[in-house]
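**Student:** My questions concern the predicted model and sequence given below.
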Amino acid sequence: MSALRNSASYRKPELNIVDAYRVTMANGPQAAREKDVQLMKTLLISPDIVAIDAAAAKLWGTEPERIRHIKSAYEKRLGNLNLDQLNIQRIVL
């Protein structure tokens, strides 16, 4: 994890993608059963690495401030943790 943190602080990714189409909610990744998988049909895209992790945490029902790596990255000013301050667009297909 420290290599990832160092690379993100050295050069921030230009595009971050979270594929949350079929999400393993328990017993993953190898022991998950069909009942452990939730169909969310969601794709998150953001230039902000912290915001996308925060949005993904919300999808999973967790407050981003409670996740150590998200809070730490926000404190290091690697991105924005406050989703209400962002221009978030929802596109339904």
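**Tutor:** Nice, I can see it.
**Student:** To what extent is residue 11 buried, counted in neighbours?
**Tutor:** Residues lying near residue 11 (other CB atoms under 10 Å) number 7. In short, each C-beta sits where N, CA and C put it, glycine included.
**Student:** separation between it and residue 78?
**Tutor:** Per CB to CB, to the nearest Å, residue 11 is found 11 Å from residue 78.
**Student:** Following element in sequence after the one helix or strand in the chain whose mean pLDDT sits lowest, please.
**Tutor:** Across the helices and strands of the chain, mean pLDDT, DSSP states H and E gives its lowest value to helix 2-10, namely a mean of 60. Counting by DSSP states H and E, the element after helix 2-10 in chain order, helix or strand, is strand 16-24.
**Student:** For that next one, which helices and strands make contact with it?
**Tutor:** strand 37-46, helix 49-59 (3 or more CB pairs under 8 Å, 6 or more residues apart in numbering; DSSP states H and E).
**Student:** In CSV, list those along with mean pLDDT and distance to residue 17.
**Tutor:** Converted to CSV, these look like this (pLDDT from 0 to 100; distance: least, CB to CB, whole Å):
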stretch, mean pLDDT, distance to residue 17
strand 37-46, 92, 5
helix 49-59, 93, 8
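**Student:** just those: most buried one?
**Tutor:** Mean neighbour count (mean count of other CB atoms under 10 Å) peaks for helix 49-59 among those, with a mean of 20.
**Student:** Okay, angle between the helix or strand following that helix and helix 49-59 too, please.
**Tutor:** Following helix 49-59 in sequence order, the next helix or strand is helix 68-75 (DSSP H and E). Orientation check (axes from the mean of the first three to the mean of the last three CA atoms, to 10 degrees): helix 68-75 against helix 49-59 gives 140 degrees.
**Student:** Contacts for helix 68-75 next, please.
**Tutor:** Contact with helix 68-75 is made by 1, 5, 8, 49-50, 53-54, 57, 64-65, 79-81, as judged by CB atoms under 8 Å, 6 or more residues apart in numbering.
**Student:** For it, list the C-alpha coordinates in CSV.
**Tutor:** Output in CSV follows, covering the C-alpha atoms of helix 68-75 (Å, rounded to 0.1, in the frame of the first residue of the first chain):
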residue,chain,number,x,y,z
ARG,A,68,-8.3,4.9,7.1
HIS,A,69,-6.7,5.2,3.6
ILE,A,70,-9.4,7.6,2.4
LYS,A,71,-9.1,9.8,5.4
SER,A,72,-5.3,9.7,5.2
ALA,A,73,-5.2,10.6,1.5
TYR,A,74,-7.6,13.5,2.2
GLU,A,75,-5.5,14.8,5.0
